[in-house]
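Q: heads up, no residue letters with this:
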């Protein structure tokens, strides 16, 4: 257990569905992240929130919409996804400032049919 | 741009020593991190090197040479549970909270 939880762990959705991924951290960190991990590819940073403010949007398509209501919770809202969006979506958190040490959740395995 | 290169796969036997290399190209450098990820699990932080030299933490050590833009993770007394993917990462010089990860090295430990 890293102190970062994610739900659901597995999700299958159709291309016209709307769903949300949830992440919660119990570490008192102020920065939270969404990453996408596809097979044979490096971890891809999607979004960064620092003190609830979005500080990074790594050219992510608008069908992915993040929400950070407070420093402990992070959501990723999904709508009209494509099959190529199927991947493992990882949430992470870190102390504010230079964040070479990040704590990851177990991820949500997303399959888009 | 920034990029990191790692071997895609490494195989070793129990009890042996294995070295996983990482070379990087960045416009600015703030240190090299290493993460471990078991199949189906979350990446976990292993080590961080900001300065040249060797950092030891139990069976794992990490080395950095900034002049060579090169680092490695050294795993000693290999155990079956060390079978996992290992990623090196550098901080994006243009963004405080952004890590750039390598493609990862899959380590298979055989009996």
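A: Looks like it arrived, so ask away. Nothing here was measured: the structure is a model prediction, and the numbers come from that model. Residues are numbered from 1 along each chain as shown, chains lettered A, B, ... in the order given.

Q: chain center to stretch A:21-35, what's the gap?
A: With C-alpha atoms, centre = their mean, to the nearest Å as the basis, stretch A:21-35 stands 8 Å off its chain's centre.

Q: show me the contacts for the residue nearest the centre of chain A.
A: Residue closest to the average C-alpha location in chain A (C-alpha atoms, centre = their mean): residue A:34, at 2.9 Å. Residues counted as contacts of residue A:34 (C-beta atoms under 8 Å, 6 or more residues apart in numbering or on different chains) are A:23, A:45, A:46, A:47, A:64, A:66, A:74, A:76, A:89, A:90, A:91. Glycine gets a C-beta too; all of them are placed from N, C-alpha and C.

Q: Is the lowest-mean-pLDDT helix or strand in chain A in proximity to chain B?
A: Using mean pLDDT, DSSP states H and E, strand A:53-57 stands out as the lowest-scoring helix or strand of chain A, at a mean of 83. Yes. Counting by C-beta under 8 Å from any C-beta of the partner chain, chain B has neighbours in strand A:53-57: A:55, A:56.

Q: what does chain A put close to chain B?
A: Residues of chain A lying near chain B by C-beta under 8 Å from any C-beta: A:2, A:4, A:31, A:33, A:40-43, A:45, A:48, A:50, A:55-56, A:90, A:92, A:94, A:96-107.

Q: let's go with 7 Å and repeat that
A: Proximity of chain A to chain B (C-beta under 7 Å from any C-beta of the partner chain) is limited to residues A:2, A:31, A:41-43, A:45, A:48, A:50, A:55-56, A:90, A:97-102, A:104-107.

Q: And the residue nearest to the centre of chain A, how close does it get to chain B?
A: With distances taken as C-beta to the nearest C-beta, to the nearest Å, residue A:34 is found 12 Å from chain B.

Q: Is that residue bridged to anything, and to what?
A: residue A:47, residue A:91 (DSSP bridges).

Q: swap in residue B:63?
A: Counting by DSSP bridges, residue B:63 forms beta bridges with residue B:54, residue B:72.

Q: Can you report how many residues neighbour it?
A: A count of nearby residues for residue B:63, using other C-beta atoms under 10 Å in any protein chain shown, gives 20.

Q: list the contacts for it?
A: Contacts for residue B:63 (C-beta atoms under 7 Å, 6 or more residues apart in numbering or on different chains) come out as B:54, B:71, B:72, B:74.

Q: are any of those residues buried, and which?
A: For these, a burial check counting by 16 or more other C-beta atoms under 10 Å in any protein chain shown picks out B:71, B:72.

Q: ok now do residue B:44, which residues does it touch?
A: The contact partners of residue B:44, taken as C-beta under 7 Å, 6+ apart, are A:2, B:35, B:36.

Q: Mind pulling the model confidence for residue A:36?
A: If you check residue A:36, the pLDDT there is 96.

Q: measure it to residue B:87 for me?
A: Separation of residue A:36 from residue B:87 (C-beta to C-beta, to the nearest Å): 14 Å.
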